[in-house]
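[1] Kindly generate the corresponding structure for this input.
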Amino acid sequence: MKKLSVVAGLALLVLPSLAGAQEVTLKMGHAAASTHIFHTGLEIFAEKVAEKTNGNVKVEVYGDRQLGDDKQLLEGIQIGLIDGALVSSATLPLVLGAASFDALQQPFTVSSYEQLSTVLTSELGDELLATLDAKNIKGVGFVDAGLRHFLSREKPVTSLEDFKGLKTRIVPIPLHKAIWESIGVNPIGMAYGEVYSALETGTIDAVEINVSRSSRKASITPPSR
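    This next block holds a predicted model:
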């Protein structure tokens, strides 16, 4: 299962026309740590925007959920509190009712990074992003956030039988809940920022997530599991 993110922001639509005009400052946020590649990518984006607009457009990047989690970021864009965000596409059906994005959450539908890139840079990808227009959000593009991983605190998971009964953190959306219940997992919807402490205290037995060095999950769950 791939986890995809969408850069979304109404203000980004007008960036090209702002060159030579008055100076503008845009706020962009994400829910990952400031050491995450998302943050680095947005900082590079900010540099490119400043370069292309001769410094007339400044993009301020806020990580570590400073502007909120994915749900709050999307709602903030809709009402104009912030200008853009890097969010998980998994939240779009739940928060915005953008049901078409559920297609990106189905397991085993993508067999390679090349196939993923082909699909999301095609007309189909453009059509998906265009569905956000009706939600007062402009979808700018997709970011591949990596493969999904299953980490267990106590025992190795080597077969479908091993999944049964594990109290497992999942992305808190109905589709993910239905997928994991179908193989016997006890799914617990939980925000990304709560996962580390939940693993540390034993509130959950396992986690379904995309692992990154910045999240430090591997320090609690041995990498071989």
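
[2] and this structure, what are its domains?
    2-147, 149-219 (automatic domain parsing).

[3] need those in CSV with mean neighbour count, can you?
    Every residue, glycine included, has its C-beta placed from N, CA and C. Converted to CSV, the domains of the chain look like this (neighbours: other C-beta atoms under 10 Å):
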stretch, mean neighbour count
domain 2-147, 17
domain 149-219, 16
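
[4] Export those domains as a markdown table, with columns for mean pLDDT.
    Output for the domains of the chain, formatted as a markdown table (pLDDT from 0 to 100):
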| stretch | mean pLDDT |
| --- | --- |
| domain 2-147 | 84 |
| domain 149-219 | 87 |
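
[5] Now do the residue nearest in space to the middle of the chain against T118, distance only.
    Nearest to the geometric centre of the chain sits S88, at 2.3 Å (C-alpha atoms, centre = their mean). Remark: distance between S88 and T118 (C-beta to C-beta, to the nearest Å) = 21 Å.

[6] Just give the strands next to the longest strand out of those in the chain in its sheet, each with its orientation.
    Secondary structure assigned by DSSP state E gives strand 139-147 as the longest strand of the chain. Here strand 139-147 has these sheet partners by DSSP bridges: strand 2-8 (antiparallel).

[7] Regarding the chain, what is its longest helix?
    If you go by DSSP state H, the chain has its longest helix at helix 37-52.

[8] gap between that helix and the chain center?
    Taking C-alpha atoms, centre = their mean, to the nearest Å, one finds the center of helix 37-52 at 17 Å from the center of the full chain.

[9] ok, now stretch 144-163?
    The answer for stretch 144-163 is 19 Å, by C-alpha atoms, centre = their mean.

[10] Then stretch 80-95?
    9 Å.

[11] Put the alpha carbons of it into PDB.
    Extracted in PDB, the C-alpha atoms of stretch 80-95 (Å, rounded to 0.1, in the frame of the first residue of the first chain):
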ATOM      1  CA  GLY A  80      -7.900  31.000   4.500                       C
ATOM      2  CA  LEU A  81      -5.900  30.700   7.700                       C
ATOM      3  CA  ILE A  82      -3.000  29.100   5.900                       C
ATOM      4  CA  ASP A  83      -2.000  29.000   2.200                       C
ATOM      5  CA  GLY A  84      -0.800  25.500   1.600                       C
ATOM      6  CA  ALA A  85       0.100  22.100   3.100                       C
ATOM      7  CA  LEU A  86       1.700  18.800   2.500                       C
ATOM      8  CA  VAL A  87      -0.800  16.200   3.700                       C
ATOM      9  CA  SER A  88      -1.600  12.500   3.400                       C
ATOM     10  CA  SER A  89      -4.100  11.700   0.600                       C
ATOM     11  CA  ALA A  90      -5.600   9.200   3.100                       C
ATOM     12  CA  THR A  91      -7.200  12.100   4.900                       C
ATOM     13  CA  LEU A  92      -8.900  13.700   1.900                       C
ATOM     14  CA  PRO A  93     -11.900  11.400   1.700                       C
ATOM     15  CA  LEU A  94     -12.500  11.700   5.500                       C
ATOM     16  CA  VAL A  95     -11.900  15.400   5.900                       C
END
